[in-house]
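Visitor: One predicted model, sequence on top.
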Amino acid sequence: MNKDARIYVAGHNGMVGSAIVRLLKKNGYSNIICRSSNELDLKDQAAVNAFFESENPSHVFLAAAKVGGILANNTYRAEFLYDNLMIASNIIHAAYLQKVEKLLFLGSSCIYPKLAPQPLKEEYLLTGELEPTNEPYAIAKIAGIKLCEAYRDQYGCNFISAMPTNLYGPNDNYDLKKSHVLPALIKKFHLAKKNNLPNVEIWGTGSPLREFLYVDDLAEACLHLMLHYNDKLFVNVGSGTDISIKELALKVKDIVGFQGELTFDSTKPDGTPRKLMDVSNLAKAGWTYTIKLDDGIKMAYEDALSEGLLDE
């Protein structure tokens, strides 16, 4: 991918897409194509085809998706399935029609069966039932993987896929009703510190194990795969290490500087006991993460403070 390559980043306003754009610019790629959802409806096949014909990108990072937490996924099941199926189908097909040199599709760790062995290996895909609450989103992401594989098999397209673990960092969602665990903890401890609260309550027992990756590390992995990986098999992207929710909460408490106590509401659900990605194939492809969790949390907290995302 030359420095003057025409690179389309779908979903450039999201956490992942914006990190990819930042990294591309940092590395001297200046011919980056972006369109907001107001400018281009990715669910509109004719509009997507016309866009590809007029802009003629040579490389595509497909980071656009309709996303949300458990409540949103379970409530708007039709929207999550339809929107994400259309986005993936339209972009991947248009990339084929326009003879795009290479495309990277970004999925999610939720593609794996609910009861898959840990750590999660790529070959566990479609070996069991999905987690029911986010099944529509997962099915759309699995369809995206299979589209890339099918267009590769039938047409010889160099379309690859990457499945990231839990992400955090700039452009994250800090709305306590919709956010994931790490940004939620950052905001909870920040507000508790600001308001001099005596304690912060955490849902569950604190025992579940989770894996986290700073979003700029994911962007680095995506660029590395775009430049160096050309195989059919999709690739897990993560740190390959996990931490209990209790340990995570204590880290965030220390970094934010909250002096009160932690309490755990064991009447609330813990969720899956463990969710860890096997990243050995990514290591074989020549990439490992560099941003340690403590450093990443500090950077995420500082960014959220500077952006005014914690006092709303």
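Guide: Cool, the structure landed. Numbers count the residues shown, from 1 in each chain.
Visitor: From now on I want contacts and neighbour counts done on CA atoms only, so please keep to that.
Guide: Will do.
Visitor: now the closest residue to residue 158 other than its chain neighbours: how far from residue 45?
Guide: Computed as CA to CA, 6 or more residues apart in numbering, the closest residue to residue 158 that is not its neighbour in sequence is residue 102, at 5.1 Å. Distance, residue 102 to residue 45, by CA to CA, to the nearest Å: 20 Å.
Visitor: where are the low-confidence patches of the stretch 201-312 of the chain?
Guide: For the stretch 201-312 of the chain, applying pLDDT under 70 flags the ranges 312.
Visitor: can you give me the helices for it?
Guide: Under the criterion DSSP state H, counting those that start in this stretch, helices of the stretch 201-312 of the chain are mapped to 215-228, 245-256, 280-284, 293-306.
Visitor: who wins for proximity to residue 179 among those helices?
Guide: helix 293-306 (13.2 Å; CA to CA).
Visitor: From the contact count, pick out the helices and strands touching that closest one.
Guide: Helix 293-306 is packed against strand 212-214, helix 245-256, with contacts defined by 3 or more CA pairs under 8 Å, 6 or more residues apart in numbering; DSSP states H and E.
Visitor: mind running it again at 10 Å?
Guide: strand 166-168, helix 181-194, strand 212-214, helix 215-228, helix 245-256 (3 or more CA pairs under 10 Å, 6 or more residues apart in numbering; DSSP states H and E).
Visitor: Please identify the deepest-packed of the ones you listed.
Guide: Sort the helices and strands packed on helix 293-306 by mean neighbour count, taking mean count of other CA atoms under 10 Å, and strand 212-214 sits at the top with a mean of 24.
Visitor: So what touches that one?
Guide: 16, 19, 164-170, 182, 237-243, 276-277, 289-293, 295-297, 299-300 (CA atoms under 10 Å, 6 or more residues apart in numbering).
Visitor: on that earlier part again, can I get the helices of the stretch 201-312 of the chain in CSV including distance to residue 51?
Guide: Converted to CSV, the helices of the stretch 201-312 of the chain look like this (distance: least, CA to CA, whole Å):
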stretch, distance to residue 51
helix 215-228, 22
helix 245-256, 43
helix 280-284, 32
helix 293-306, 34
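Visitor: which residues does the residue nearest to residue 158 form a beta bridge with?
Guide: residue 59 (DSSP bridges).
Visitor: ok, then the element right after the helix or strand hosting residue 16?
Guide: Assessed by DSSP states H and E, residue 16 sits inside helix 15-26. Note on helix 15-26: by DSSP H and E, the next helix or strand toward the C-terminus is strand 32-33.
Visitor: which residues sit against that next one?
Guide: With CA under 10 Å, 6+ apart as the criterion, strand 32-33 contacts 4-10, 12, 21, 24-25, 55-57, 59-60.
Visitor: Of the residues you listed - the most surrounded one?
Guide: residue 7 (27 neighbours; other CA atoms under 10 Å).
Visitor: That one is in contact with residue 52, isn't it?
Guide: No. Contact criterion CA atoms under 10 Å: residue 7 and residue 52 do not qualify, at 11.3 Å.
Visitor: shared neighbours of the two, anything?
Guide: 58, 100.
Visitor: Without its sequence neighbours, what residue ends up closest to residue 252?
Guide: residue 186 (6.2 Å).
Visitor: wait, doesn't that neighbour sit right on residue 174?
Guide: Yes. Contact criterion CA under 10 Å: residue 186 and residue 174 qualify, at 8.3 Å.
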